[in-house]
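> coords below, sequence missing:
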């Protein structure tokens, strides 16, 4: 006798049937004790209490870091200014600055000002010409400028106010007045 095997019931089920779960049986299997409920309540309470506190802590730490950076920058500026103040206490430095910045000389000295004292690497390079050939305009630009300024000065840009003053001669409208 040959046995024929029928296809399994699992292979005949559709995907929707395989996913169906008896929720009542699953929920019935969960047992909650009083201790579990109290602990769950404490976890939720701790979350509500700690989340705003942690956010405040993080924002304050960022603010403290920014202020510490600002203090470091200010300290560096103060140190630079104090060093500069110490330099200005030296009479030789004051004399050097007066000679370089203000071109002061001592009595009896003859000052010489050298114009082209830059090394060749720092001399600005000449620019290339704008065009290869020079073009000549056909009009006199000076007379056009005078005409343009005169025309702009004589132009009437605003209309004289006529509030409460009737028109001297009424104009005919394009459409006749309604008859009625």
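Happy to help now that I have it. Keep in mind that this is a model prediction, so the values were computed, not measured.

> before we move on, what SS does the residue nearest the centre of the chain have?
The centroid of the chain falls nearest to residue 66 when counting by C-alpha atoms, centre = their mean (19.5 Å). Of the three states, residue 66 takes helix under DSSP: H, G, I helix; E, B strand; the rest coil.

> so how far is residue 52 from it?
Separation of residue 66 from residue 52 (C-beta to C-beta, to the nearest Å): 21 Å. Just so you know, the C-beta spots here come from the backbone N, C-alpha and C atoms, and that holds for glycine as well.

> could you do residue 45 as well?
13 Å.

> low-confidence ranges in the chain?
Low-confidence segments of the chain (pLDDT under 70): 1-19, 127-129, 157-180.

> those helices in it, which residues are they?
9-12, 15-19, 23-29, 34-88, 91-102, 141-154 (DSSP state H).

> save those as CSV, and put in distance to residue 133 too.
Below are these laid out as CSV (distance: least, C-beta to C-beta, whole Å):
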stretch, distance to residue 133
helix 9-12, 91
helix 15-19, 83
helix 23-29, 92
helix 34-88, 55
helix 91-102, 46
helix 141-154, 19
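
> residue 131: which of those is closest?
helix 141-154 (17.7 Å; C-beta to C-beta).

> not counting sequence-adjacent ones, nearest residue to residue 94?
In space, and not counting its chain neighbours, residue 94 is closest to residue 88: 6.6 Å by C-beta to C-beta, 6 or more residues apart in numbering.

> okay, now the one you found: neighbour count?
Residue 88 is flanked by 10 other residues according to other C-beta atoms under 10 Å.

> just residue 153 next, same as before
7.

> if I look at it, how far off is residue 139?
Relative to residue 139, and taking C-beta to C-beta, residue 153 is found at 21 Å.

> and if you look at residue 71?
67 Å.

> so between these two, which is more surrounded?
Between residue 71 and residue 139, counting by other C-beta under 10 Å, residue 71 is the more crowded of the two (10 against 7).

> report the contact partners of that one.
By C-beta atoms under 8 Å, 6 or more residues apart in numbering, no residues touch residue 71.

> likewise for residue 116?
So, once contact is read as C-beta under 8 Å, 6+ apart, residue 116 ends up touching residue 123.

> and for residue 93?
By C-beta under 8 Å, 6+ apart, the neighbours of residue 93 are residue 87.

> neighbours around residue 87, how many?
Per other C-beta under 10 Å, the neighbour tally for residue 87 reads 13.

> so what's it up against?
Per C-beta under 8 Å, 6+ apart, neighbours of residue 87: residue 93.
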